[in-house]
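1. for reference, the sequence and a predicted model appear below.
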Amino acid sequence: MGRNIRPSRLLLTVAVLAAGASAPLWLDSYYVGIFTVAYYFGVFAMSWDLLFGFAGEVNFGPTFLIGLGAYGAGLMNNWGLPIPLCLIGGAVVAVVGGIVLAVPALRLRGPYFGLVTLVAVLLLLDFIVIFAAQTGGEIGMMVPDVLSVSTDVNYWYAFGFLVVSAAILFGLSRSSLGLILQATGQDRVEAQALGFNVTKHKIAAFSISALFSGLAGAMLTFYQGTASVDQMVDLSIAVQIIIAVVFGGRRTILGGVLGSIFLVLFDELLRPIGQLNTFVVSAVALLVILFLPDGVLGWVLRPREPR
Amino acid sequence: MLALQILVDGFAISALYGLGAVGFTLMFGVCGVLNLAHGGIMVIAALVGWWVAADYGAGPYGGAAAGVLAGMAGSFVTYYAVIRPIQRSRAIPKVEEEIFILTGTLLWGIMLQVGLNYLFTNNPVSMQPLLPGVLTFAGVRIPWNEVLIAVLCWGVIGLLSLLVNRTRIGKQILAASINPRALTLLGFELGRVYLIVWTIYGVLAGLAGVLLASFLGASADNAGALTASAFTIVILGGLGSVPGSLIAAYIVGYAETITAYLIAPTLRPIPALVILMIVIYLRPQGLLGRR
């Protein structure tokens, strides 16, 4: 980083940041609320991309990590802990859960790894329903505290969180960790032969992914006032995260944010056609996979890269 | 009494799981495709079968035939609209083909699920039983339909094994799963073999969907769970191994039935998932898988 920043790109970054930060001042408050959710979703997508795009691991269970963060933080809040402690606690729960899952699972390859992560989500869903007395089951768990009652303040929390996460994750992806992960994703044996500890790097990637997913899940819980299965753990959420990353462009980190904003806005736009909107969104994502496999951001950036 | 009931019910459910999973595992073994739209194709067959049987008065058998045809059609569309474009795309590197197929079929499966939900609503449909009546044996009530389903599943699996081991085309399929390049060098067209496998897959998934609708009922919302259960069974048994899938189908089927009868119906899916986790950690290639 920092070596090849072109002025035009720097200017674009500043403009986007300024537009994002000032949005509540000029945007309808309804859309401010929508963007708030999209930003948390963007963090989910970026954390997933770190594993999928860089380490080449299809993690079907991002919602396992998100759910651990959300419910971990929610339970702690119900025990009377203040929000900042709950956020840290939720993130810790997600990282610990992620490591417990990842250490044995990373011995597995491709579809096996995917299935284990999928099963982890199914088990978490079952446990949330079984322990409904503590977790609220399918209805969701109310938390006593919220981040803020003001739409604008909530927006700024989400935006700040998104920007900080994006900076850290993007930086990591351009660091040696990102390069090594990319190398392992493409040719595991060769990466090992070059002397890199592949498993250690993948576990690091999984923990970082878990940290941001869990933290975002916990923040979302305190934004909405509930931790709910439908919005944080269900497999359909995992699918939306996957669509967001693939649409925006895998291996770009920032593409996930673009994809999330697209998904959420598209969802609003297509509201009149009711339940068919998922159909249209999936179809668009499928077309992107077939014709622009690098996603929208990958496609925009590609021709300029060799220079 | 209860033990016998569990034995019988578990047997029929497991046979059905086995039939659903065999096509899935064949597809992976030969074509290297993990089709996450599997449940969607089963549901197409179930819903079309029910629709033709009920609205067109075709009776259970006409409906079942229509359902199997619909399953085949679903399988062909999956191949031509999703899998082939990914396999032929120049923009997708070969090493990443697998994750693209996983994501592509996942999206396609969701489109099927949502589209079917829109056309048929998400009310579960139950097809008329293919055979009415109940058999009472040693104090256990067994619907004849359940017996028929178990027999049909095993019959079809037997036919498949004859086809693969005894016929010319079956040997080509087997060869394609072992060394596709050598098969091409011997002058066989790989594309044709794949097309045949997709046809067989469509029939198997279609039949499994139709039988499911006449046994437990089906709705578009089941698509995800059906894919997950086929995926679970196939990984537990070992990817690409048909006998492994059958054994795994029985382990999962009985684990679910025993839990549902003896512990609580709500805990039904959990033991199978736990068994799967343990097996994968101890023996990542599954029960009978090769590495």
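-> Received the coordinates, thanks. Note that the structure is predicted; figures quoted are calculated from it, not measured.

2. where along the stretch 1-150 of chain B do the strands fall?
-> B:134-137, B:140-143 (DSSP state E, counting those that start in this stretch).

3. okay, the first one in PDB with CA atoms only?
-> The C-alpha coordinates for strand B:134-137 follow below in PDB (Å, rounded to 0.1, in the frame of the first residue of the first chain):
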ATOM      1  CA  VAL B 134     -52.300 -50.500   5.000                       C
ATOM      2  CA  LEU B 135     -50.500 -53.800   5.800                       C
ATOM      3  CA  THR B 136     -50.700 -54.900   9.500                       C
ATOM      4  CA  PHE B 137     -47.700 -57.000  10.400                       C
END
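
4. do you know the pLDDT at residue A:96?
-> At residue A:96, the model reports a pLDDT of 95.

5. before we move on, which element is it in?
-> helix A:83-105 (DSSP states H and E).

6. the next helix or strand after that helix: how far from the chain's middle?
-> Per DSSP H and E, the first helix or strand lying C-terminal to helix A:83-105 is helix A:110-130. Distance, stretch centre to chain centre, for helix A:110-130: 17 Å (CA atoms, centre = their mean, to the nearest Å).

7. now do helix A:110-130 against helix A:83-105, angle only.
-> If you take axes from the mean of the first three to the mean of the last three CA atoms, to 10 degrees, helix A:110-130 sits at 140 degrees to helix A:83-105.

8. by contact count, what packs against helix A:110-130?
-> Judged by 3 or more CB pairs under 8 Å, 6 or more residues apart in numbering or on different chains; DSSP states H and E, helix A:110-130 is in contact with helix A:62-78, helix A:83-105, helix A:229-232, helix A:235-248, helix B:97-120, helix B:223-237, helix B:270-282. Bear in mind the C-beta positions are built from the backbone N, C-alpha and C, glycine included.

9. among these, show me which one is buried the most.
-> helix A:62-78 (a mean of 29; mean count of other CB atoms under 10 Å in any protein chain shown).

10. CA-only coordinates of that helix in PDB, if you can.
-> Written as PDB, here are the backbone C-alpha positions of helix A:62-78 (Å, rounded to 0.1, in the frame of the first residue of the first chain):
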ATOM      1  CA  PRO A  62     -20.400 -16.900   7.600                       C
ATOM      2  CA  THR A  63     -23.600 -16.700   9.500                       C
ATOM      3  CA  PHE A  64     -22.200 -19.100  12.100                       C
ATOM      4  CA  LEU A  65     -19.700 -16.500  13.000                       C
ATOM      5  CA  ILE A  66     -22.200 -13.600  12.800                       C
ATOM      6  CA  GLY A  67     -24.700 -15.500  14.900                       C
ATOM      7  CA  LEU A  68     -22.100 -16.300  17.600                       C
ATOM      8  CA  GLY A  69     -21.200 -12.600  17.700                       C
ATOM      9  CA  ALA A  70     -24.800 -11.400  17.800                       C
ATOM     10  CA  TYR A  71     -26.100 -13.900  20.300                       C
ATOM     11  CA  GLY A  72     -23.000 -13.800  22.400                       C
ATOM     12  CA  ALA A  73     -23.300 -10.000  22.700                       C
ATOM     13  CA  GLY A  74     -27.000 -10.200  23.200                       C
ATOM     14  CA  LEU A  75     -26.800 -12.700  26.100                       C
ATOM     15  CA  MET A  76     -24.100 -10.700  27.800                       C
ATOM     16  CA  ASN A  77     -26.300  -7.600  27.500                       C
ATOM     17  CA  ASN A  78     -29.100  -9.500  29.100                       C
END
